[in-house]
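1. sequence and computational prediction follow.
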Amino acid sequence: MTADNFGITALPNLETKLIAADSLTPIAALQMELRDPRIDETEQALTQANEHYFSARTSKTKRKWRDRIGDLRDELAQLLQADQFVAAETVAQLVHWNPFDQNTAAGFFDAQWMFQMNGGFDIVIGNPPYVRQEAIKHLKDAFKKNYDCFTGTADLYVYFFERAVTLLKPDGVLSFITSNKWYRAKYGTNLRKWLNQHTRLQQVLDFGDEAVFTAIAYPTIVIATRRPAEVIKPAADEQIRVLNWAQQAPIETFPAVFAAESFEVAQAELKDEGWQLEPPLQRQLLARIRQAGTPLGQYVHGRFYRGILTGLNEAFVIDGATRARLIAADPNSAEVIKPFLRGRDVNAGK
């Protein structure tokens, strides 16, 4: 083609920049002190080889640097094992992963090994998978070992928050969309505390039970930055911009709605027991109610129960038409089919 490309440069080689990996599984930290100086030399050579491959313009040049990268990776793995800074099983993981094989996924994620990055990412954007804790029992021992926010009943997405923040550089940005249940659920206690200590929350958008996203129940968006250092408690002047979205306006008008209706919440007011993301007047009203009455937990001496837990709603929750059909087939079914309410069925004033 002879058409003018308006001076637009072709994309560089992105194969080694786009990877599939188990981001929740780290590898043992590569220790930096008292190690063979050849490790540093090989790491530097590997970084340079990746830069050459990234900007290569011909197939011949790409092959040359791809082969060089492979040799350096093998050499580095051998040096790390020989120096006993990395366990043999970790070396096996490193060597097995091939950055040029686009049809496989790595069983671990390590930014230093995969991208030669030591300082962390500028931004991590994610929509973590929603997997109930019953389906990840085989992973809990590893999560307990690797994550401070571990709770035996936590959904899978909880661990993605901690992992994402630890992958950021200081003041790097986290932008996540997840379920909002961790704001108040008991399994979110450790995560709420951890985020207050390690992140500066910037914006929280809570969509409640609005049907904004078909694949997510009770969606929320959290934007935060990693603190340069852990704190015991957020500073008094740290404010979060919050919006509780009520879909009374077209979603296209969201920026204007956020500008007009969002409000500030002091991050220090977000308690480990649960986050109250309400406007100031509502928070003041809740505070007066607490002072005037006895909290339910205190009244029942902490004896809370989960209520009905089916384990599989699709098998036990039926609609009215199915109920009528089952009773018509066997009148005794009326004795065992009972009505019940979920949280989403209860609204203010109803």
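-> Structure's in. What do you need?

2. alpha carbons only for contacts and neighbour counts from here, please
-> Fine.

3. beyond the helix or strand harbouring Ile39, next helix or strand please.
-> Secondary structure assignment for Ile39, by DSSP states H and E: helix 37-55. Beyond helix 37-55 on the C-terminal side, the first helix or strand identified by DSSP H and E is helix 59-82.

4. surely Ile223 and Thr199 touch.
-> No: judged on Cα atoms under 8 Å, Ile223 makes no contact with Thr199 at a distance of 9.8 Å.

5. quick one on the thing from earlier: buried residues of the helix holding Ile39, list them for me.
-> By 16 or more other Cα atoms under 10 Å, the buried positions in helix 37-55 come out as 39, 42-43, 45-47, 49-50, 52-54.

6. returning to what we had before: of Ile223 and Thr199, give the one with the bigger neighbour count.
-> Set Ile223 next to Thr199 and count neighbours by other Cα atoms under 10 Å: Thr199 wins out with 25 against 19.

7. who does that one bridge with?
-> Arg226 (DSSP bridges).

8. read off the pLDDT value for it.
-> Note on Thr199: pLDDT of 98.

9. does it touch Thr225 like I think?
-> Yes: distance between Thr199 and Thr225: 5.4 Å, which falls inside the contact criterion (Cα under 8 Å).

10. hey, what's in contact with both of these two?
-> Residues touching both Thr199 and Thr225 (Cα atoms under 8 Å, 6 or more residues apart in numbering): none.

11. quick one on the thing from earlier: tell me the angle of the helix holding Ile39 relative to helix 59-82?
-> Helix 37-55 and helix 59-82 are oriented at 160 degrees to each other (axes from the mean of the first three to the mean of the last three Cα atoms, to 10 degrees).

12. helices and strands around helix 37-55, which ones?
-> helix 59-82 (3 or more Cα pairs under 8 Å, 6 or more residues apart in numbering; DSSP states H and E).

13. who touches the host helix or strand of Trp194?
-> Trp194 is part of helix 189-198, with elements assigned from DSSP H and E. Helix 189-198 is contacted by residues 148-151, 158, 162, 165, 182-183, 226-227, 229-234, 267-268, 270-275 when judged by Cα under 8 Å, 6+ apart.

14. quick one, domains of this protein?
-> The record's domain parsing of the chain by automatic domain parsing lists 37-115, 121-293, 313-345.
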